[in-house]
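J.: when you get a sec, could you give me coordinates for this:
(one chain, ligands or ions: 2)
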Amino acid sequence: MLRSIQSSLRRSTTGASSTHLLRRFYSSDSAPERKVAVLGAAGGIGQPLALLMKLNPLVSKLSLYDIAATPGVAADISHINTRSEVNGYMGEDQLGKALEGCDIVIIPAGVPRKPGMNRDDLFNINAGIVKSLCTAIAKYCPHALVNMISNPVNSTVPIAAEVFKKAGTYDEKKLFGVTMLDVVRAKTFYAEKAKVPVEGVNVPVVGGHAGITILPLFSQATPQANNLSYEDIEALTKRTQDGGTEVVVAKAGMGSATLSMAYAGAIFADACLKGLNGVPDVVECSFVQSCITELPFFASKVRLGKNGVEEVLDLGPLSDYEKQGLESLKPELKSSIEKGIKFVTES
Ligand SMILES: NC(=O)C1=CN([C@@H]2O[C@H](COP(=O)(O)OP(=O)(O)OC[C@H]3O[C@@H](n4cnc5c(N)ncnc54)[C@H](O)[C@@H]3O)[C@@H](O)[C@H]2O)C=CC1
Ligand SMILES: O=C([O-])CC(=O)C(=O)O
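T.: Ligands and ions are numbered 1, 2, ... in the order given. Here you go, the predicted structure:
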């Protein structure tokens, strides 16, 4: 969406006025009503993500929930000239209202990393937050698609699945771990190294969302670059796996990726909305319930449709380096998944 707005605005210097083009892009005549909630909307990711969802013409109602500060964020965003009606909700008493009638719930609620921490160090706090938010989702909007951003994603997605199973509302087609930022990073790093325009690049990223569980498949990158050595691919893989830590270190105690995550989260939610609306061939990578390996959850390309996941695509041909990476990531990913499941089943 953003790309087409940008390129059309660029074209507008020689043609129609930018106001006219914006009106065309933001016109909602044919888009169905869609309510989207952001839980954790006042946070570092939540605020820019709420802004980007306000700019999305496929959204008709934007529901912003947090335990604090949402009235201000909602009032601010509500003045923007797009279709959606914005409402802010604060505190558990208002969570039901925030969720009622939602088509998509995006969850960036929870604490971020500080330097020296890994994503699993967030488990103790974020597991409880995710569990209580998913309990409310099961009650107030059991049919919504859930886009889980809160870390550790490798465990929070299994937590959500178990909460929904307990409530009797689990539909594996509707639960997504958001791994889009890994794809966003892999594309940027690959385009820089291969010296190709990033706009035309695609790189699938599979596995999970922490350290070596993040496995970019540069052998399947498009366009294929002939100028990259084995060492280049190794370095690109490592940089993609450490992309989150690169930001955590650069922010020096002020949190983790927020702006690039909001961008990635907005692209993924837009893909989910397009799938719900029946747009054909919407394919993005996501951490979902899966049979493509022996692990019960796995990130890979997923076709999105009117009911959420339409098809989990298999891994395709892997290079020897990627095959090795796949085997190496399985034990860590398996144990993070089991930790999430146990958190709910043994509580
Ligand atoms: N999946 C991914 O690729 C990425 C995930 N993350 C994760 O996203 C999460 C949020 O990160 P930031 O926005 O930077 O953190 P932040 O601390 O800036 O914002 C988190 C927000 O969650 C809210 N919150 C806490 N408990 C809540 C509850 N029970 N209900 C609703 N809201 C609640 C807080 O009030 C705060 O506004 C972290 O766990 C972080 O690790 C961050 C970047 C990438
Ligand atoms: O690194 C972190 O803690 C946040 C995150 O998941 C990312 O930026 O990929």
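J.: from now on I want contacts and neighbour counts done on CA atoms only, so please keep to that.
T.: Fine.
J.: next up, identify which helix or strand residue 111 is on.
T.: Under the assignment given by DSSP states H and E, residue 111 is not contained in any helix or strand.
J.: got the contact list for it?
T.: Contacts for residue 111 were tallied using C-alpha atoms under 8 Å, 6 or more residues apart in numbering; they are 122, 125-126.
J.: distance-wise, check it relative to residue 125.
T.: Computed with C-alpha to C-alpha, to the nearest Å, the distance linking residue 111 and residue 125 is 7 Å.
J.: next, count neighbours for residue 252.
T.: Residue 252 is flanked by 11 other residues according to other C-alpha atoms under 10 Å.
J.: could you do residue 301 as well?
T.: By the criterion of other C-alpha under 10 Å, residue 301 has 20 neighbours.
J.: got the contact list for the most centrally placed residue in the chain?
T.: Nearest residue to the geometric centre of the chain (C-alpha atoms, centre = their mean): residue 178, 2.9 Å. Counting by C-alpha under 8 Å, 6+ apart, residue 178 touches 147-149, 153, 265, 268, 286-287.
J.: please apply the same query to residue 78.
T.: By C-alpha under 8 Å, 6+ apart, the contact set of residue 78 is 85-87.
J.: give me the nearest residue to residue 256, chain neighbours excluded.
T.: Ranked by C-alpha to C-alpha, 6 or more residues apart in numbering and with sequence neighbours excluded, the top spatial neighbour of residue 256 is residue 248, at 4.6 Å.
J.: what's the burial count for the residue in the stretch 201-347 of the chain that ligand 1 sits nearest to?
T.: Nearest to ligand 1 in the stretch 201-347 of the chain, going by C-alpha to the nearest ligand atom, is residue 257, at a distance of 4.7 Å. Look at residue 257: counted by other C-alpha under 10 Å, it has 21 neighbours.
J.: that one touches residue 250, doesn't it?
T.: No. Residue 257 is beyond contact range of residue 250, at 9.8 Å (criterion: C-alpha atoms under 8 Å).
J.: against residue 298, how distant is the residue in the stretch 101-250 of the chain that ligand 2 sits nearest to?
T.: Per C-alpha to the nearest ligand atom, residue 244 is where the stretch 101-250 of the chain lies closest to ligand 2, at 3.3 Å. Going from residue 244 to residue 298 by C-alpha to C-alpha gives 19 Å.
J.: more neighbours: these two, which one.
T.: It is residue 298, of residue 244 and residue 298, that has more neighbours when counted by other C-alpha under 10 Å, with 28 against 23.
J.: quick check: the more buried one touching residue 313?
T.: No. In terms of C-alpha under 8 Å, residue 298 does not count as a neighbour of residue 313; the distance is 11.0 Å.
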